[in-house]
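[1] Quick one: sequence plus predicted model below, questions after.
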Amino acid sequence: MQKSFIIIVVVAVATIGGLYNLPKVVVDNEKKTLQQPVKENAAATANRDKNVKSDAPTVTENHTESLNAEQQKVITNLREIYTTSTGKSKIKASDDLITQFVKYTRYDSAAYYASEVAKIEPSESNLMKAGGLYYEAFTYAIESGKTAKMGELTRGIYQKILDKNPNNLLAKTNMAMTYTATQTPMQGIMMLRDVIAKEPDYEPALFSLGILSIRSNQFGKAVDRFKQILRNNPANSKAALNLGYCLAELDRKEEAKQILEKVLANSKDPQEKAAANDILSKIK
């Protein structure tokens, strides 16, 4: 299998429940994406809400789409409710905005409102929600400047959580992944290793280490990480997909085919199936 056929992994946000989403795209040797998800698209964080005063940083970015008229109307109405609300009502209004911004894949704006909720009620769950959404915005950012800013905001939220609860492994795992996009990537890798030292079978950390191994073309190490996940959770089709890819890169074609065909048979995710088919087409 040609080394130019690579997997591009965009690790999506790890949820509060400890789950994580599929690496978003697999690309061919011309580096064109296969079913790449729509990137975030409105200018900046919720600072674009001109009626709401905020100290959140403004981040500009070129986008492929804008909110359509119907979506903009929904957001405008919800913002009006938000600006006139107080106390518990403001939290409810924030939650409604968060829901819509996530639906429209405007994760930076969703994260801003989630962080506002966390200021009102700074519980660990509220901070985790805000951190998770900033992490999603970090993951989907296109420009390096926005990636850096969203990573910084993500770390700020997760640090607050870890200051109170150093054993929150999900916060530490996601925070670590933001460091891998900075000038000090080893700081993130060491954090992930620390998580594994505390809980050797912790899936989000194993998955993240597997992804980092793929990025550095250490496919053998990645195979070990994904196999470890599958030993404990055979139904994890995300790990299976990446395992199949790594085996293909190591020219272990028959093993790769067996794994990828299981992904096709068992996965209900169309992106996973498309990715598996794409890899299989390159090794048959």
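    Arrived safely.

[2] And the helices in the stretch 1-150 of the chain?
    69-83, 87-103, 107-120, 124-140, 144-164 (DSSP state H, counting those that start in this stretch).

[3] Reformat those into JSON lines and put mean pLDDT, mean neighbour count and distance to residue 180 next to each item.
    For glycine as for every other residue, the C-beta is placed from the backbone atoms N, C-alpha and C. Conversion of these to JSON lines gives the following (pLDDT from 0 to 100; neighbours: other CB atoms under 10 Å; distance: least, CB to CB, whole Å):
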{"stretch": "helix 69-83", "mean pLDDT": "96", "mean neighbour count": "15", "distance to residue 180": "33"}
{"stretch": "helix 87-103", "mean pLDDT": "96", "mean neighbour count": "17", "distance to residue 180": "24"}
{"stretch": "helix 107-120", "mean pLDDT": "96", "mean neighbour count": "25", "distance to residue 180": "19"}
{"stretch": "helix 124-140", "mean pLDDT": "96", "mean neighbour count": "24", "distance to residue 180": "11"}
{"stretch": "helix 144-164", "mean pLDDT": "97", "mean neighbour count": "19", "distance to residue 180": "9"}
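
[4] end-to-end on stretch 160-170?
    13 Å (CA to CA, to the nearest Å).

[5] Could you list the low-pLDDT ranges of the protein?
    Applying pLDDT under 70 to the chain flags the ranges 1-65.

[6] about what we covered before: redo the helices of the stretch 1-150 of the chain as a markdown table? Include distance to residue 185.
    Putting those into a markdown table (distance: least, CB to CB, whole Å) gives the following:
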| stretch | distance to residue 185 |
| --- | --- |
| helix 69-83 | 36 |
| helix 87-103 | 28 |
| helix 107-120 | 23 |
| helix 124-140 | 14 |
| helix 144-164 | 12 |
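
[7] To residue 218, which of the ones you listed lies closest?
    helix 124-140 (21.6 Å; CB to CB).

[8] what helices or strands is the closest one leaning on?
    Helix 124-140 sits against helix 87-103, helix 107-120, helix 144-164, helix 169-179, with contacts defined as 3 or more CB pairs under 8 Å, 6 or more residues apart in numbering; DSSP states H and E.

[9] Thought residue 195 was touching residue 205, still the case?
    Yes - look at residue 205 against residue 195 with CB atoms under 8 Å: they come within range, at 4.2 Å.

[10] ok, these two, which is more surrounded?
    Ranked by neighbour count (other CB atoms under 10 Å), residue 205 and residue 195 place residue 205 first, with 28 against 21.

[11] Would you enumerate the residues in contact with the more buried one?
    Listed by CB atoms under 8 Å, 6 or more residues apart in numbering, the contact set of residue 205 reads 169, 173, 176, 192, 195-196, 199.

[12] Thought residue 279 was touching residue 245, still the case?
    Yes - using CB under 8 Å, residue 245 is in contact with residue 279, at 5.5 Å.

[13] Mind checking which of those two has more residues around it?
    residue 245 (31 against 27).

[14] any idea which element the more buried one lies in?
    Assigned by DSSP states H and E, residue 245 belongs to helix 237-249.
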